[in-house]
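>>> sequence plus predicted model, see below.
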Number of protein chains: 2
Amino acid sequence: MRNMPDKTDSDAKQPPEFDSGKTKSKRPLRDRRRSLAIGLLRAREAVMSHFRPILAAHDVTEQQWRVIRVLSEAGQLDATELADKASILAPSLTRMIRSLEERGFITKHKDEADGRRVLLQITPAGEAIVEDVMPESLKVYADIGVRFGAERVDQLLDMLEELAALKLDNGSVGDE
Amino acid sequence: MRNMPDKTDSDAKQPPEFDSGKTKSKRPLRDRRRSLAIGLLRAREAVMSHFRPILAAHDVTEQQWRVIRVLSEAGQLDATELADKASILAPSLTRMIRSLEERGFITKHKDEADGRRVLLQITPAGEAIVEDVMPESLKVYADIGVRFGAERVDQLLDMLEELAALKLDNGSVGDE
DNA sequence: GCTGCATGATTCTCATGTTAATCAATGAGA
DNA sequence: TCTCATTGATTAACATGAGAATCATGCAGC
């Protein structure tokens, strides 16, 4: 099911001037320019729509959940490591730390050795959230695995990882 | 100083009870529960990182670009259609319309037939942005196509579309 | 013509993304 | 030891995501 003549004419018409100049397309291949960015966005949105109710039921956002889960699995981490593992930006994490600490889900204290670092750790209350959410989360993924195909999910994950690792050179735009 | 992808063991340890139940994997198949949500997020982030410089150079955000491009391709649209095609929430679109109109990229006027609808249209200034950005955008996607493989991109897009179309029943959380 | 409901858009509030600037602590070198 | 560049974290400012509430219009039914 490679390049079927895609019956989804999501956006059939577009100004011809974008095509006329460089008509080097050997096959339809629905415009790729829109695909990846939007495709990833929509797919992610679809997946998350199944998790949000679960998280909302426990009054945590998706990002808060990522932080809690990472801390639960990795133990004590400094802010930079945590931000990286949870795919959250440092400024966001700073804000989240404040609220998560106030809610008693994590603890924060300075590193004795390096005064710049902030060490984060999960609390029992935080672990409790994980205990509650994780089973439901696994259920959703299992459901996806059944409907989408377990190997295909794996295959998709491989491609996503590889795509994320791609470092293209933007040699024509980075001239500040 | 972004977040360096430090290859330090991303996540090596995790409770075994999540794996023991369904060990039908012919290979490790790294834990699936974390994968999709995070994988899609990281992949998208990676892709967008190549576009942001282009968009920033023209002083438009990623979302503004989506709105402008959709309007450029589809012509006149009402807010709901536009929000759907651009994958943007209605409240966000309302805010964006204000600023985009102030900047002269789009025009807004009420529908004569239905006073509730707001019709949006792109302006020549908006088209100019498209003319500027689109070529560079295509260049980036072409680059990705070369490095990742054109058919594989197509294949990935197919899976993303299919995943986005998956409507799982969350029979245990949506009780109303 | 009025009522009640549905729909489209807006507003509000809070949380996060994104970038730039700033603060604090560390460490190398004069 | 003092200076300065670096690093880790925070703050600020703006834009968007997400959900709930509100407003305005349209419409069916009486």
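Yep, that arrived. Residues are numbered from 1 along each chain as shown, chains lettered A, B, ... in the order given.
>>> any stretches of chain A with poor pLDDT?
A:1-34, A:167-176 (pLDDT under 70).
>>> okay, helices next: where are they in it?
A:17-20, A:32-57, A:62-74, A:79-86, A:90-102, A:124-148, A:150-165 (DSSP state H).
>>> same list (the ones you listed) but as a markdown table, adding distance to residue A:109 and mean neighbour count.
Every C-beta, even on glycine, is put in place using the N, C-alpha and C of the backbone. Formatted as a markdown table, these follow (distance: least, CB to CB, whole Å; neighbours: other CB atoms under 10 Å in any protein chain shown):
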| stretch | distance to residue A:109 | mean neighbour count |
| --- | --- | --- |
| helix A:17-20 | 56 | 11 |
| helix A:32-57 | 27 | 19 |
| helix A:62-74 | 14 | 21 |
| helix A:79-86 | 12 | 20 |
| helix A:90-102 | 10 | 15 |
| helix A:124-148 | 15 | 16 |
| helix A:150-165 | 32 | 18 |
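>>> in a markdown table, list those along with distance to DNA strand D.
Below are these laid out as a markdown table (distance: least, CB to the nearest atom of the strand, whole Å):
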| stretch | distance to DNA strand D |
| --- | --- |
| helix A:17-20 | 23 |
| helix A:32-57 | 4 |
| helix A:62-74 | 7 |
| helix A:79-86 | 3 |
| helix A:90-102 | 3 |
| helix A:124-148 | 15 |
| helix A:150-165 | 18 |
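>>> any chance of those in JSON lines, with distance to chain B too?
Shown next, in JSON lines, are the helices of chain A (distance: least, CB to the nearest CB, whole Å):
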{"stretch": "helix A:17-20", "distance to chain B": "6"}
{"stretch": "helix A:32-57", "distance to chain B": "4"}
{"stretch": "helix A:62-74", "distance to chain B": "6"}
{"stretch": "helix A:79-86", "distance to chain B": "5"}
{"stretch": "helix A:90-102", "distance to chain B": "8"}
{"stretch": "helix A:124-148", "distance to chain B": "5"}
{"stretch": "helix A:150-165", "distance to chain B": "4"}
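>>> how about these in TSV, adding distance to residue A:108?
Formatted as TSV, those follow (distance: least, CB to CB, whole Å):
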stretch	distance to residue A:108
helix A:17-20	51
helix A:32-57	22
helix A:62-74	11
helix A:79-86	9
helix A:90-102	5
helix A:124-148	12
helix A:150-165	29
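>>> quick one: closest of those to DNA strand C.
helix A:90-102 (2.8 Å; CB to the nearest atom of the strand).
>>> and that closest one, how far out from the chain's middle?
Computed by CA atoms, centre = their mean, to the nearest Å, the chain-centroid distance of helix A:90-102 equals 18 Å.
>>> how about it and DNA strand C, any contact?
Yes. Helix A:90-102 is in contact with DNA strand C by CB under 7 Å from any atom of the strand, via A:90-92, A:95-96, A:99.
>>> what sits against residue A:107?
Shown in contact with residue A:107 (CB atoms under 8 Å, 6 or more residues apart in numbering or on different chains): A:101, A:120-123.
>>> one more: residue A:38?
When contacts are counted by CB under 8 Å, 6+ apart, residue A:38 is found next to B:66, B:87.
>>> roughly how far apart are it and residue A:146?
Distance of residue A:38 to residue A:146, given as CB to CB, to the nearest Å: 26 Å.
>>> do the same with residue A:132
From residue A:132 to residue A:146 the distance is 23 Å (CB to CB).
>>> same check on residue A:55?
22 Å.
>>> now do residue A:83
Using CB to CB, one gets 33 Å for the distance from residue A:83 to residue A:146.
>>> doesn't residue A:97 make contact with residue A:118?
Yes. Counting by CB atoms under 8 Å, residue A:118 does reach residue A:97; the two are 7.4 Å apart.
>>> return every residue with contacts to both of the two.
Shared contacts of residue A:118 and residue A:97 (CB under 8 Å, 6+ apart): A:79, A:108.
>>> residues contacting the closest residue to residue A:75 other than its chain neighbours?
Leaving aside its chain neighbours, residue A:75 sits nearest to residue A:121 (7.2 Å; criterion: CB to CB, 6 or more residues apart in numbering or on different chains). Residues in contact with residue A:121 (CB under 8 Å, 6+ apart) are A:71, A:75-77, A:106-108.
>>> with adjacent residues omitted, what lies nearest to residue A:152?
residue B:159 (6.7 Å).
>>> apologies, that question was intended for residue A:126.
residue A:105 (3.9 Å).
>>> got the contact list for that neighbour?
With CB under 8 Å, 6+ apart, residue A:105 has these contacts: A:64, A:68, A:122-123, A:125-126, A:129.
>>> tell me the one among those residues nearest to residue A:154.
Of all these, residue A:154 sits closest to residue A:68, with 25.9 Å by CB to CB.
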